[in-house]
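In: Quick one: sequence and predicted model below, then my questions.
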Amino acid sequence: MTKAELLRIFTERFSGTEGTIYASPGRINLIGEHTDYNGGFVFPGAVQQGIMAVIRPNNTSIVRAYSCDLNDYAEWVVDDPQGPEATCFRFVYGVARELMERGVAVKGFDTVFAGDVPLGAGMSSSAALESCFAFGLNDAFGGAVSKWDMVLAGQATEHKYIGCNCGIMDQFASVFGQAGKLMRLDCRSREFEYFPFEPKGYRLVLVNSCVKHELAGSPYNDRRRSCENVAAAIQQLHPDRKIETLRDCTWEDLEEAKATCSAEDIQRATFVLGEKDRVLAVCDALVKGDYEEVGRQMYLTHQGLSKDYEVSCEELDFLNDIAKECGVTGSRIMGGGFGGCTINLVKDELYKAFTKRAVEAFEERFHITPKIIDVVIGDGSRKLN
């Protein structure tokens with residue numbers, strides 16, 4: 001949807017002067033999976049797809065909101081302790097309340113919003129929505145919160161109003177993103193650094209398997225517990241050191257822990273320590289403009305996620321194998337696993353052959369048509385007019 005179309009819908013639904021348009025992007029993560037809860041690094045970037053919202057204070061205590069994508073409408077009093085029921089509006093409601101707690105004098109407002117972040121692709125459409133309203137409401141009501149406050153308001157919205165105990169990577173990437181740059185975020189200290197990402201001669205491409213496996217039990221919590229078990233065992237072996245997460249551990253520590261930890265726990269920790277090293281290797285490679293090394297590390301991450309962390313599935317491994325067969329520079333699972341996307345670093349001259357082969361071979365094998373999503377690294381939260 002264009003800015004003009006969104007403004008037209010706004011003026012048709014809410015008479016009067018035009019509102020202001022704000023935008024926030026979805027995100028990709030080049031490398032660094034399952035490292036956030038281990039105190040490690042992630043390496044996200046904002047994308048050009050995102051959420052746009054028109055916002056206009058209405059001099060009342062009522063919020064009037066319309067979702068173009070869902071063709072749904074809701075009203076609520078801005079300080080209503082319950083808020084709307086529909087999830088898409090609870091994001092808006094939660095962000096407004098979180099900004100109010102941070103000193104922004106949010107009153108009633110009219111809004112329409114729409115997005116083009118592909119759903120189910122692991123590109124964080126919810127974080128884009130939260131970040132868009134955090135940035136927009138702060139601006140519309142003369143707030144003075146920092147970008148980090150916007151990130152934390154989005155995260156708190158997920159925790160308190162949606163029921164998702166997420167980290168901060170998604171909202172961070174949406175708010176802080178810059179065109180042509182990826183960001184290395186230290187999930188423990190919140191320190192971050194921009195790295196150039198302008199791969200001339202290459203493209204970033206997502207292949208969405210359109211598959212999501214619902215597994216019995218809680219595989220996410222099981223893997224997190226394995227990591228915590230190993231960190232605790234190493235702490236017992238070295239009481240003079242402070243071992244909070246696997247971030248604080250070395251390969252020598254892991255070798256020692258084999259005597260007291262289960263083989264499965266050691267296997268999970270092996271991936272995490274390897275991924276810590278791979279993120280740093282990718283940072284060095286990007287500084288040098290060495291995209292072949294970036295791709296090599298991506299394949300190693302996929303192998304670790306598939307064999308050591310065991311969060312892949314037949315469909316994602318198949319797409320990774322197709323990428324290798326086609327000579328793709330780098331390919332790996334993106335996200336938590338068990339379905340979703342692979343992220344691929346593809347030379348321009350291989351793009352058409354790879355995407356054609358991936359779609360046709362996947363359809364033949366699984367009778368599902370995967371979706372190709374081209375990725376361009378874009379800017380974070382901003383005002384558009």
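Out: Here it is on my side, so go on. Predicted model only: the values in this text are computed from it and were never measured. Numbering: from 1, shown residues only.
In: and the residue nearest the centre of the chain, what does it touch?
Out: The centre of the chain sits closest to residue 170, judged by CA atoms, centre = their mean, with a distance of 3.9 Å. For residue 170, the contacting residues are 27, 44, 124, 126, 127, 154, by CB atoms under 8 Å, 6 or more residues apart in numbering. Yep, even glycine has a C-beta here, placed from its N, CA and C like the rest.
In: Excluding residues flanking it in the chain, which one is nearest it?
Out: Counting by CB to CB, 6 or more residues apart in numbering, residue 170 lies nearest to residue 127, which is 3.5 Å off, once chain neighbours are set aside.
In: shaky segments in this structure?
Out: By pLDDT under 70, the weakly predicted segments of the chain are 120, 215-217.
In: mind running it again at 80?
Out: The model of the chain has pLDDT under 80 over residues 16-17, 118-122, 165-166, 214-217, 220, 336, 385.
In: Going along the chain, name the strands of it.
Out: 20-29, 41-42, 44-57, 62-67, 72-77, 109-115, 181-186, 192-196, 202-212, 330-334, 339-347, 371-375, 382-383 (DSSP state E).
In: wait, residue 48 sits on residue 378?
Out: Yes: shown here, residue 48 and residue 378 form a contact pair, counting by CB atoms under 8 Å, at 4.1 Å.
In: any common contacting residues for these two?
Out: Taking CB under 8 Å, 6+ apart as the criterion, residue 48 and residue 378 both touch residue 25.
In: Of the two, give the one with the bigger neighbour count.
Out: Neighbour count, other CB atoms under 10 Å: between residue 48 and residue 378, residue 378 has more, with 20 against 14.
In: do you know how far the more buried one is from residue 219?
Out: Applying CB to CB, to the nearest Å, the value for residue 378 to residue 219 is 32 Å.
In: Same question for residue 267.
Out: From residue 267 to residue 219 the distance is 14 Å (CB to CB).
In: Show me what the residue lying closest to residue 371 once chain neighbours are set aside bridges to in the sheet.
Out: Excluding the flanking residues, the one nearest residue 371 by CB to CB, 6+ apart is residue 208, at 4.2 Å. Judged by DSSP bridges, the bridge partners of residue 208 are residue 341, residue 371.
In: Could you pull up the residues touching residue 208?
Out: 118, 120, 121, 340, 341, 370, 371, 372, 373.
In: Distance of it relative to residue 342?
Out: Relative to residue 342, and taking CB to CB, residue 208 is found at 9 Å.
In: wait, doesn't residue 72 sit right on residue 85?
Out: No: in this structure, residue 72 is not within contact of residue 85 by CB under 8 Å, at 10.9 Å.
In: neighbour count winner among those two?
Out: The residue with more neighbours, out of residue 72 and residue 85, is residue 72; 13 against 9, by other CB under 10 Å.
In: the helices in this protein, which residues?
Out: Ranges of helices within the chain are 3-13, 87-101, 125-140, 147-157, 169-176, 219-237, 251-257, 263-288, 291-303, 314-325, 351-366, based on DSSP state H.
In: residues of the shortest one that come out buried?
Out: Which is helix 251-257. 253, 254, 257 (16 or more other CB atoms under 10 Å).
In: now these in a markdown table, with distance to residue 306?
Out: As requested, those are exported to a markdown table (distance: CB to CB, whole Å):
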| residue | distance to residue 306 |
| --- | --- |
| 253 | 24 |
| 254 | 20 |
| 257 | 23 |
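In: ok, those vs residue 312, which is closest?
Out: The shortest gap between residue 312 and any of the buried residues of helix 251-257 belongs to residue 254, at 22.0 Å (CB to CB).
In: The closest one reaches residue 268, doesn't it?
Out: No: using CB under 8 Å, residue 254 is not in contact with residue 268; the gap is 10.7 Å.
In: Show me the common contact partners of these two, please.
Out: With contacts taken as CB under 8 Å, 6+ apart, residue 254 and residue 268 have residue 230 as neighbours in common.
In: thinking again about what came up before, just the contacts of residue 208 now: which is nearest residue 108?
Out: residue 118 (32.5 Å).
In: ok, the closest residue to the closest one other than its chain neighbours to residue 23 distance?
Out: Among residues not flanking residue 118 along the chain, residue 373 sits closest, at 5.7 Å (CB to CB, 6+ apart). Between residue 373 and residue 23 the computed distance is 18 Å (CB to CB).
In: Which of those two has more residues huddled nearby?
Out: Legend: neighbour count by other CB under 10 Å for residue 373 and residue 23, higher for residue 23 (25 against 19).
In: so the closest residue to the more buried one other than its chain neighbours bridges to which residues?
Out: Leaving aside its sequence neighbours, residue 23 sits nearest to residue 52 (CB to CB, 6+ apart; 4.8 Å). Listed by DSSP bridges, the beta-bridge partners for residue 52 are residue 23, residue 114.
In: In this structure residue 52 contacts residue 4, no?
Out: No: under the criterion of CB under 8 Å, residue 52 is not in contact with residue 4, lying 11.2 Å apart.
In: which one of those two has more residues nearby?
Out: Using other CB under 10 Å as the criterion, residue 52 and residue 4 rank with residue 52 on top: 24 against 9.
In: Report the contact partners of the more buried one.
Out: Per CB under 8 Å, 6+ apart, neighbours of residue 52: 1, 3, 6, 21, 22, 23, 113, 114, 115, 132, 384.
In: And it, how close does it get to residue 111?
Out: Distance from residue 52 to residue 111, by CB to CB: 11 Å.
In: residues bridging contact with those two, i.e. touching both?
Out: With CB under 8 Å, 6+ apart, residue 52 and residue 111 have no common neighbours.
In: who's in contact with residue 97?
Out: For residue 97, the contact set (CB under 8 Å, 6+ apart) comprises 79, 83, 161.
In: Apart from its chain neighbours, what residue comes closest to the second one?
Out: Residue nearest to residue 83 in three dimensions, not counting chain neighbours: residue 93, with 4.0 Å by CB to CB, 6+ apart.
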